[in-house]
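J.: Here is my input, please return the structure:
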Amino acid sequence: MTAAAADIELARRLERCEIPNEGFPHASHLKVAWVYLAETESVDAAADRMAAALRRFAASVGKSEKYHHTVTVFWMRVLAAARDAAPGAALDEILAAHPSLLDKTLPSAFYSPERFASVVARTSWIEPDLQPLTSDFRLLNS
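T.: Sure, this is the predicted structure:
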């Protein structure tokens with residue numbers, strides 16, 4: 001099975017809530033996000049799909065309170081920017097070129113702790129307050 005095929009299967013397993021909570025680390029989130037970006041017509045549609053899958057998954061493992069909408073949209077937008085900066089690249093190539101994507105604390109470079117921990121951030125998308133997300137992917141290259 002290719003990496004891409006394995007990632008698609010991971011996305012389907014997430015959608016069916018067949019993954020144990022401890023079996024879904026940050027890198028797995030990125031793999032599913034990458035699949036959704038490839039399978040949908042826009043970043044917003046991919047983010048909506050990811051949000052729905054993660055909400056279902058969190059509920060299935062009794063952790064509904066763990067879902068954080070700003071986190072979900074942040075990662076979808078960052079991955080989309082990385083993909084756009086390297087058309088045709090596979091996720092593994094993107095991660096090798098930008099290891100900061102594997103750091104799940106990356107949002108802290110963009111959000112103050114207070115803003116990020118807010119109820120509004122947990123339930124809807126809010127823009128970063130420390131530095132903006134850019135579509136040209138410069139921030140992850142520094």
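J.: quick one: average pLDDT of stretch 62-73?
T.: Average pLDDT, stretch 62-73: 94.
J.: which parts of that stretch are buried?
T.: Neighbour counts over stretch 62-73 (16 or more other CB atoms under 10 Å) mark 67-73 as buried. In this view, the C-beta of every residue, glycine as well, is placed from N, C-alpha and C.
J.: Three-state assignment for the residue most central in space within the chain, please.
T.: The C-alpha lying nearest the average C-alpha coordinate of the chain belongs to W75 (CA atoms, centre = their mean; 3.5 Å). Put simply, W75 is helix when judged by DSSP: H, G, I helix; E, B strand; the rest coil.
J.: In this protein, where is pLDDT below threshold?
T.: Counting by pLDDT under 70, the chain has low-confidence residues at 135-142.
J.: quick one, helices of it?
T.: In the chain, the segments counted as helices under DSSP state H are 3-15, 26-39, 43-60, 69-85, 91-97, 113-116, 119-123, 138-141.
J.: if we can go back for a sec, excluding chain neighbours, what is closest to the residue nearest to the centre of the chain?
T.: Nearest-residue entry for W75: A33, 5.8 Å, with adjacent residues in sequence omitted and distances by CB to CB, 6 or more residues apart in numbering.
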